[in-house]
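Enquirer: A predicted structure for the sequence below; I have some questions about it.
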Amino acid sequence: MRRSLLLIIFLLSAIIPVAAQTSDDCTAGNADLYIDKAEQAVQKEQYELALGYYDCAIELDSTRTDAYEQRGAIYFQEENYEASLADYQRVMNEQPDNADAVFRVAYSLQETGEFQDAVDMYSRYIELSPSDWAGYNNRAVAYMSMEQFDLALEDYTRAIEFEADDTLALENRANIYIDLEEYDLALDDINRALEIEVKSDLFLTRAVIFELSNEAESAYTDFWRWVDANEIEKVERSDYEIGSTVSLPMEEGMTYYFPLSGKLGQVLNITAVGKADDGESIDPLVVLLNGEGDAVAANDDGAGGLDSLIDGYAIPEDGKYTLVVSHAGGGFTGEIDLTLNVDPGLEVGDDVIVQTTKDDFLNLRTGPGLDFEIVERLPNGVFATTLEDPESADGYVWWRVSAAGDSVEGWIVLSADTERTLVRR
């Protein structure tokens, strides 16, 4: 799932299905007769036939605004927005305060890429229907298409003021907050949306927020909730050879399960690379479950693009684990090349080097656990030597080391948030 992706979902004020068309030679009567025939066809859900009758009515009487409006409604539902736009603009010429026509003109302009014109027309709709949240919601979508996120944010806020239970506006606003790095506000919106309606997409969005907020464990849980909620076909694979690459055909909702036996201190490195045909996309997602079925690691997009990477998960205790491979929201059609490597880890007496990202430091503690006092904060590149066998605490693998030229001793984690922090030198 691309983090910058903003949900573009529009609200329609009518639902009109589609059917097959026949034609009439337009000589069987006047416009009223053909409008009656069209209405009867609509009642029978013969919408293409109704289009032909409206064509005849307009041919016989080009002033019949009702015929343009009803024909435009059918074009609208058929997603023939250029034809719908022409009909509803004709309606607006005669009825400039027809709010429904204004809304549909705005939507059709948006669908044909005329975003600024769509904004102007939504603004007109808001003047006519100032308390309808849909006007603000859809204008926000147009603003987003023009990357005017501040204005979109204002409109989503107004939409939520009028429709407090609108999960769509909450989710869209949360995505804007994500792009603005306002993660606390984004999380508030997603949690509020989940209180209204439990939807799997919300778990996926919240997982991204947790990931960006460095709340890794919460992110793992929500990634797993997304996979579990969207599973359609479960495929169990026990024939996989560690260190090899296997190609996994992927369709919507397909989920692969690979059982693993893990030992304390082993380090897993997992990559999932998507391959899709032209016009398709695939977004791999990987989750590691412990023996109790809890997600202890997960990743979406960590390998660049839409590909996934768990690079350095240290197994905290002996036992059974399961690697789950599925897809996220960026696409599901194609294949995933999965590679799993298992590093046996460190040994007592190994010379190691501290590995951190950016300007981070690694805490050296008086004992193996997060509650122990910090002795030193070690920067990237510090040399150390392992002194005794590892221990497990708080979901981490801890090694006692001497560091910085043997000037300090303490306990340090082998891996943090699926990133290797101690490597051999």
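Expert: Looks like it arrived, so ask away.
Enquirer: quick one: residue 64 from residue 53, how far?
Expert: Separation of residue 64 from residue 53 (CB to CB, to the nearest Å) stands at 12 Å. C-beta here means a position set from N, CA and C on the backbone, and glycine is covered the same way.
Enquirer: which one's more surrounded, these two?
Expert: Neighbours of residue 64 and residue 53, each counted by other CB atoms under 10 Å, are more numerous for residue 53; the result is 29 against 19.
Enquirer: how about low-confidence regions in the protein?
Expert: 1-24, 358 (pLDDT under 70).
Enquirer: hey, C-alpha coordinates of the top strand by length along the chain in PDB?
Expert: Longest strand in the chain by number of residues, with DSSP state E as the criterion: strand 319-332. Coordinates of each C-alpha in strand 319-332 appear next as PDB, following Å, rounded to 0.1, in the frame of the first residue of the first chain:
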ATOM      1  CA  GLY A 319       9.200 -22.900  19.200                       C
ATOM      2  CA  LYS A 320       6.900 -23.100  16.200                       C
ATOM      3  CA  TYR A 321       6.400 -20.000  14.000                       C
ATOM      4  CA  THR A 322       4.400 -19.400  10.800                       C
ATOM      5  CA  LEU A 323       5.300 -17.100   8.000                       C
ATOM      6  CA  VAL A 324       2.200 -15.700   6.300                       C
ATOM      7  CA  VAL A 325       2.400 -14.300   2.800                       C
ATOM      8  CA  SER A 326      -0.500 -12.300   1.200                       C
ATOM      9  CA  HIS A 327      -1.200  -8.900  -0.300                       C
ATOM     10  CA  ALA A 328      -2.000  -5.400   0.900                       C
ATOM     11  CA  GLY A 329      -4.200  -2.800  -0.700                       C
ATOM     12  CA  GLY A 330      -2.000  -1.800  -3.600                       C
ATOM     13  CA  GLY A 331      -2.800  -4.800  -5.800                       C
ATOM     14  CA  PHE A 332      -3.200  -8.600  -5.800                       C
END
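Enquirer: strands paired with that strand, and their directions?
Expert: strand 254-262 (antiparallel), strand 282-289 (antiparallel) (DSSP bridges).
Enquirer: neighbouring strands for the helix or strand just after the last one, and are they parallel or not?
Expert: The first helix or strand that comes after strand 282-289 along the chain, using DSSP states H and E, is strand 295-299. Taking DSSP bridges as the criterion, strand 295-299 sits next to strand 282-289 (antiparallel) in its sheet.
Enquirer: any idea how far the strand it pairs with is from the chain center?
Expert: Here strand 282-289 is found 13 Å from its chain centre; the criterion is CA atoms, centre = their mean, to the nearest Å.
Enquirer: can I get that strand in CSV, CA atoms only?
Expert: Provided in CSV are the C-alpha atoms of strand 282-289 (Å, rounded to 0.1, in the frame of the first residue of the first chain):
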residue,chain,number,x,y,z
ILE,A,282,0.7,-6.6,-6.8
ASP,A,283,1.5,-5.5,-3.2
PRO,A,284,3.1,-8.2,-1.1
LEU,A,285,2.6,-8.3,2.6
VAL,A,286,4.4,-10.6,5.0
VAL,A,287,3.5,-11.4,8.6
LEU,A,288,5.3,-13.7,11.1
LEU,A,289,3.2,-15.5,13.8
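Enquirer: what count of nearby residues applies to residue 127?
Expert: Neighbours around residue 127, by other CB under 10 Å: 12.
Enquirer: other SSEs contacting the host helix or strand of it?
Expert: Following DSSP H and E, one finds residue 127 within helix 115-128. Packed against helix 115-128 by the contact rule (3 or more CB pairs under 8 Å, 6 or more residues apart in numbering; DSSP states H and E) you find helix 99-111, helix 133-145.
Enquirer: got the buried residues for the helix or strand hosting residue 68?
Expert: Per DSSP H and E, residue 68 falls inside helix 65-77. Using 16 or more other CB atoms under 10 Å as the test for burial, helix 65-77 gives 65, 67, 68, 69, 70, 71, 72, 73, 74, 75, 76, 77.
Enquirer: tell me which of the strands paired with strand 319-332 sits nearest to residue 345.
Expert: Proximity to residue 345 (CB to CB) singles out strand 254-262 among the strands paired with strand 319-332, at 10.7 Å.
Enquirer: tell me the span between the first and last residue of stretch 307-320.
Expert: Terminal residues of stretch 307-320 lie 26 Å apart, using CA to CA, to the nearest Å.
Enquirer: now do it: distance to the chain's middle.
Expert: On CA atoms, centre = their mean, the centre of stretch 307-320 falls 24 Å from that of its chain.
Enquirer: re the thing from before, can you redo the helices and strands packed on helix 115-128 as TSV with distance to residue 347 and mean neighbour count?
Expert: Shown next, in TSV, are the helices and strands packed on helix 115-128 (distance: least, CB to CB, whole Å; neighbours: other CB atoms under 10 Å):
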stretch	distance to residue 347	mean neighbour count
helix 99-111	62	24
helix 133-145	54	25
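Enquirer: want to throw those helices into CSV with distance to residue 423?
Expert: Output for the helices and strands packed on helix 115-128, formatted as CSV (distance: least, CB to CB, whole Å):
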stretch, distance to residue 423
helix 99-111, 52
helix 133-145, 43
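Enquirer: care to break the chain down by domain?
Expert: Per the record, the chain has its domains at 31-223, 233-343, 351-424, by automatic domain parsing.
Enquirer: tell me which of the strands paired with strand 319-332 is the most buried.
Expert: For those, the largest average neighbour count (mean count of other CB atoms under 10 Å) is found in strand 282-289, namely a mean of 26.
Enquirer: circling back: adding distance to residue 128, write the strands paired with strand 319-332 out as JSON lines.
Expert: Converted to JSON lines, the strands paired with strand 319-332 look like this (distance: least, CB to CB, whole Å):
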{"stretch": "strand 254-262", "distance to residue 128": "47"}
{"stretch": "strand 282-289", "distance to residue 128": "41"}
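Enquirer: of all those strands, which one is nearest residue 327?
Expert: strand 282-289 (5.3 Å).
Enquirer: follow-up on the earlier one: using JSON lines, please lay out the buried residues of helix 65-77 together with distance to residue 59.
Expert: Shown next, in JSON lines, are the buried residues of helix 65-77 (distance: CB to CB, whole Å):
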{"residue": "65", "distance to residue 59": "15"}
{"residue": "67", "distance to residue 59": "10"}
{"residue": "68", "distance to residue 59": "12"}
{"residue": "69", "distance to residue 59": "16"}
{"residue": "70", "distance to residue 59": "15"}
{"residue": "71", "distance to residue 59": "12"}
{"residue": "72", "distance to residue 59": "16"}
{"residue": "73", "distance to residue 59": "19"}
{"residue": "74", "distance to residue 59": "17"}
{"residue": "75", "distance to residue 59": "17"}
{"residue": "76", "distance to residue 59": "21"}
{"residue": "77", "distance to residue 59": "22"}
